[in-house]
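Novice: Fold the stuff below for me.
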Amino acid sequence: MINAFERAVRQLGDPRLRGVIWWSLALSLVLQVGIAWLAWWGLQSFATFEMKWINEAIRWLGGGAVIVLALMLFPASFGIVISIFLEQIADIVESEHYPHLGRAKGIPIWTGIWTGVVFLLAVIALNLVMLPFYILSIFIAGLGAVLFYGINGWLAGRVYYEQVALRRLTPAEVKAWRRNNAGVLWLTGIVIVFLGTIPILNLIVPVVGVAAMVHVAQQLKPPAAPPGRPFNPPAVPR
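Specialist: Numbers count the residues shown, from 1 in each chain. You can find the predicted model right below:
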């Protein structure tokens, strides 16, 4: 998995990726500003207590809280970015490192966008549900980070793998491979989300994440065949 990210970062200098990187940067920046504004609006709307000092405290702490909330919700934007640029990024990575695979059948653009939107909503909803636990975890050092990266890493690993794998596999095959490699995909997702919480670097995380997941997908263990039936390799040559 570490090697997959190293190879992904090294390929960022590929001339074919430059245009994709710039567009991804622009979209990621727009989404991050939008998320920050949404977080600020939410905090201001929340400051409606009868006690004025509570409202003032919320507004005074608003700047820091907006940064925290923006970073917390930023992984939600990943799905939208990769749904737009995934095909280009994956094709470039595969042509460089796995030319024997041939061209992928791809996935319909609307399928990718819908998956990205569902991922965005899932991340926002799950993090809002977990917000009380994040607050409680302030009193236990490190627990908040474990919860945040664990939950969002699981979601990110799943959506990145599915979008990459569906270019070559059927939904049933993707599900089988994902279940058989749940731990690796989870760890990969955690790394993606961790990189996504590092300012500046988080703007190119969708590109790095897709490129790394293409490499990870080629290193997964095949699912076991049902008893009495031989395993038929998927459309992705090993």
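
Novice: Skip the chain neighbours and tell me the closest residue to the most centrally placed residue in the chain.
Specialist: For the chain, Ala156 is the residue whose C-alpha lies nearest the centre (Cα atoms, centre = their mean; 3.7 Å). Nearest non-adjacent residue to Ala156, counting by Cβ to Cβ, 6 or more residues apart in numbering: Gly189, 3.8 Å away. In this view, the C-beta of every residue, glycine as well, is placed from N, C-alpha and C.

Novice: Quick one: list the elements packing against the strand or helix carrying Val93.
Specialist: Assigned by DSSP states H and E, Val93 falls within helix 78-97. Applying 3 or more Cβ pairs under 8 Å, 6 or more residues apart in numbering; DSSP states H and E, one finds that helix 78-97 contacts helix 15-46, helix 109-136, helix 143-165, helix 205-217.

Novice: Determine which stretch of those helices is the most buried.
Specialist: Across the helices and strands packed on helix 78-97, averaging neighbours per residue (mean count of other Cβ atoms under 10 Å) puts helix 205-217 on top, at a mean of 27.

Novice: Export that helix to PDB, keeping only CA atoms.
Specialist: Taking C-alpha atoms only, helix 205-217 is exported to PDB below (Å, rounded to 0.1, in the frame of the first residue of the first chain):
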ATOM      1  CA  VAL A 205      -5.600  14.200  -2.800                       C
ATOM      2  CA  PRO A 206      -8.400  13.100  -5.200                       C
ATOM      3  CA  VAL A 207      -5.700  12.700  -7.900                       C
ATOM      4  CA  VAL A 208      -3.200  10.900  -5.700                       C
ATOM      5  CA  GLY A 209      -6.000   8.700  -4.200                       C
ATOM      6  CA  VAL A 210      -7.200   7.500  -7.500                       C
ATOM      7  CA  ALA A 211      -3.700   6.800  -8.800                       C
ATOM      8  CA  ALA A 212      -2.800   4.900  -5.600                       C
ATOM      9  CA  MET A 213      -6.000   2.900  -5.700                       C
ATOM     10  CA  VAL A 214      -5.300   1.800  -9.200                       C
ATOM     11  CA  HIS A 215      -2.000   0.300  -7.900                       C
ATOM     12  CA  VAL A 216      -3.700  -1.200  -4.800                       C
ATOM     13  CA  ALA A 217      -6.400  -2.800  -7.000                       C
END
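
Novice: Phi and psi next, for Ile198.
Specialist: phi -100, psi 110 (degrees, to the nearest 10).

Novice: Give me the mean pLDDT for the helix holding Val93.
Specialist: In this model, helix 78-97 has a mean pLDDT of 83.

Novice: Give the buried residues for that helix.
Specialist: Across helix 78-97, burial judged by 16 or more other Cβ atoms under 10 Å covers 78-94.
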